[in-house]
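here are the coordinates; sequence isn't available:
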Ligand SMILES: O=CCCCC(=O)O
């Protein structure tokens, strides 16, 4: 894929970039390594001031940055502005909370026969971040803010269709005051990732992307014995039980499916509805999905903009067609529009069965699969009957049932009576083929830290180091 900005609303190529040469990549890794040595000597308070400066810049430049993202990948301008704001909030959150998250943790010195023992969290070095286009600023920020606050440096290999957003990020951290090389954008294709991660100066990698990309990076990291955090796809269930408020559930279901033009790993994708409320929910949901306005993402009245690529649109249409050819029913949408731009209408498909592509694959666009179930047990079986396990939603006002869902849903995130989303305060990640490791919160920040045990003895004969007799 060429490194280029192509406007999904028109299909027009606006700007292209040559990939960096091997020499340029080497020089960037060298700068990241040098910057790491510099950054680890700075105080957390200093890094916090730079992170706050990044938040200030993001807020001041919100509208133009949002326009850039909309032009590169088609999300609505309103959603893009909200994304910039979310990034600024995360910068402030990590500036404020990193001191607490990285503070030494005293251990029980007596129990370990020490004079003093504690756990220290130290940075590990340059981390490669391979990031997707769907939240081009946020996906990067949720890695970069905690990583830089911890004293690591970042090397970003962003998706090839968002090069201008990627370059903006490098500039943002530089202008905020971080040392040269602390955060670098590598304009490279995915063929360069193996080489970069194999470089001994690069200590770890984080990837948000497809299962295929995750397997590839995990293979390299395994060979090189490097830590990885992988956030891969999802086919999130959205379960609706008889006690649920159906109007609210249908409203949130529509947002949960069509947020970001349907292109989110944690978008609800499979709507699993108890038979007692199935018809009522289906009617409300299809009505809301059909009412969404599809169009120019810069227009404030638009709910759903174009998909990011022509290939992405062809893929979801092929998934819908496959279901229809095999006996599924389309309640709304399902027709590929002609004309410029890679638009696709909000679509609801029901009567899905195992063997259909929509049953087992992630659908990355505004297309919902609707499943009828007869009991709690069947709801759990369908919800967990996927190789993915990222987010999940359950709608029920019964407290006992809420507890059961929290335990039984096989996912990294369970949201009851609400939409799955990420918060800087909460860990984010998946199980099964949705990946491993966590981003955000203290858990995410420490993924790229050396959690170091420090044991201090008396240093005298008969006490301290080596005094363990058992
Ligand atoms: O594709 C993944 C989307 C994550 C969105 C979020 O962090 O809220």
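Sure, I can see it. Just so it is clear, the structure is predicted and the values come from calculations on it, not from any experiment.

domain-wise, how is the chain divided?
The chain breaks down into these domains under the TED database: 4-232+430-455, 237-416.

got the ones you listed as JSON lines, with distance to the ligand and mean neighbour count columns?
In this view, the C-beta of every residue, glycine as well, is placed from N, C-alpha and C. Shown next, in JSON lines, are the domains of the chain (distance: least, Cβ to the nearest ligand atom, whole Å; neighbours: other Cβ atoms under 10 Å):
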{"stretch": "domain 4-232+430-455", "distance to the ligand": "5", "mean neighbour count": "19"}
{"stretch": "domain 237-416", "distance to the ligand": "3", "mean neighbour count": "20"}
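
show me what the mean pLDDT comes to for stretch 299-317.
If you average the pLDDT over stretch 299-317, you get 97.

the stretch 351-470 of the chain: helices as residue ranges?
Assigned by DSSP state H, counting those that start in this stretch, the helices in the stretch 351-470 of the chain fall at 357-360, 376-384, 399-408, 441-446.

do you know which of these lies nearest residue 250?
Residue 250 sits nearest to helix 376-384 of all the helices of the stretch 351-470 of the chain, at 17.1 Å, using Cβ to Cβ.

which residues sit against the closest one?
237, 239, 241, 270, 272, 274, 371, 373, 392, 401, 404-405, 408-410 (Cβ atoms under 8 Å, 6 or more residues apart in numbering).

looking at those residues, which are in strands?
Among those, the members found in strands (DSSP state E) are 237, 239, 270, 272, 274, 371, 373.

so which helix or strand takes in residue 207?
strand 204-208 (DSSP states H and E).

pLDDT below threshold where in this protein?
462-470 (pLDDT under 70).

quick one: residues contacting the residue nearest the centre of it.
Centroid check for the chain by Cα atoms, centre = their mean gives residue 139 as the closest residue, at 5.3 Å. Listed by Cβ under 8 Å, 6+ apart, the contact set of residue 139 reads 131, 132, 208.

same question for residue 427.
Applying Cβ under 8 Å, 6+ apart to residue 427 gives the contacts 412, 438, 439, 440, 441, 443, 444.

ok, 7 Å please
Neighbour list for residue 427: 438, 440, 441, 443, 444 [criterion: Cβ atoms under 7 Å, 6 or more residues apart in numbering].

I figured the second one hits residue 421, correct?
No. The pair residue 440 / residue 421 is not scored as a contact, 11.1 Å apart, by Cβ atoms under 7 Å.

which parts of the stretch 101-250 of the chain are strands?
Under the criterion DSSP state E, counting those that start in this stretch, strands of the stretch 101-250 of the chain are mapped to 105-106, 116-123, 126-130, 153-157, 183-185, 204-208, 227-231, 236-240.

isn't residue 387 up against residue 432?
Yes. Using Cβ under 7 Å, residue 387 is in contact with residue 432, at 5.7 Å.

in the stretch 351-470 of the chain, what residue lies closest to the ligand?
Relative to the ligand, the nearest point of the stretch 351-470 of the chain is residue 422 (3.3 Å; Cβ to the nearest ligand atom).

quick one on the thing from earlier: is it possible to export the domains of the chain to CSV including distance to residue 461?
Formatted as CSV, those follow (distance: least, Cβ to Cβ, whole Å):
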stretch, distance to residue 461
domain 4-232+430-455, 14
domain 237-416, 51
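
got the end-to-end distance for stretch 4-22?
20 Å (Cα to Cα, to the nearest Å).

one more: stretch 228-247?
Taking Cα to Cα, stretch 228-247 runs 41 Å from one end to the other.

one more: stretch 34-44?
18 Å.

who touches it?
Under Cβ under 7 Å, 6+ apart, the answer for stretch 34-44 is 98-99, 102, 123, 125-126, 149, 151-153, 179-182.

in helices only, show me those residues.
98, 99, 149 (DSSP state H).

so the last one touches residue 93, yeah?
No. Here residue 149 does not reach residue 93: they are 9.8 Å apart, not a contact under Cβ under 7 Å.

for residue 256, which residues are in contact?
Contacts for residue 256 were tallied using Cβ under 7 Å, 6+ apart; they are 238, 267, 268, 393, 419.

how far away is the nearest residue to residue 204 once chain neighbours are set aside from residue 123?
Spatial nearest neighbour of residue 204, chain neighbours left out: residue 227 (4.2 Å); criterion: Cβ to Cβ, 6 or more residues apart in numbering. As judged by Cβ to Cβ, to the nearest Å, residue 227 and residue 123 stand 12 Å apart.

repeat for residue 17
Distance, residue 17 to residue 123, using Cβ to Cβ: 30 Å.

quick one, phi psi at the closest residue to residue 125 other than its chain neighbours?
With sequence-adjacent residues excluded and distances taken as Cβ to Cβ, 6+ apart, residue 125 is closest to residue 203, at 3.7 Å. Residue 203 adopts backbone torsions of phi -100, psi -20, taken as degrees, to the nearest 10.

quick thing: my sequence starts at 2, can you match it?
All set: I'll call the first residue 2, so the last point we hit is now residue 204.

residue 204 contacts residue 227, doesn't it?
Yes. With contact defined as Cβ under 7 Å, residue 204 and residue 227 form a contacting pair (6.4 Å).

rewinding a little: burial count for the residue of the stretch 352-471 of the chain closest to the ligand?
Per other Cβ atoms under 10 Å, the neighbour tally for residue 423 reads 24.

quick check: it touching residue 439?
No. With contact defined as Cβ under 7 Å, residue 423 does not reach residue 439; the gap is 10.7 Å.

what is in contact with the two at once?
Joint contacts of residue 423 and residue 439 (Cβ under 7 Å, 6+ apart) are residue 429.

contacting residues for residue 336?
residue 346.

name the SS class of it, please.
The three-state label given to residue 336 by DSSP: H, G, I helix; E, B strand; the rest coil is coil.

distance of it relative to residue 348?
Taken as Cβ to Cβ, the span from residue 336 to residue 348 is 9 Å.

try residue 287
From residue 287 over to residue 348 the distance is 10 Å, taken as Cβ to Cβ.

re earlier: residues near the residue lying closest to the residue of the stretch 352-471 of the chain closest to the ligand once chain neighbours are set aside, how many?
When the adjacent residues along the chain are set aside, residue 423 lies closest to residue 429, with 4.5 Å between them (Cβ to Cβ, 6+ apart). If you count neighbours by other Cβ under 10 Å, residue 429 ends up with 22.

quick check: bridge partners of residue 429?
Beta-bridge partners of residue 429, counted by DSSP bridges, are residue 440.

for it, give me its contacts.
The contact partners of residue 429, by Cβ under 7 Å, 6+ apart, come to 414, 423, 439, 440, 441, 445.
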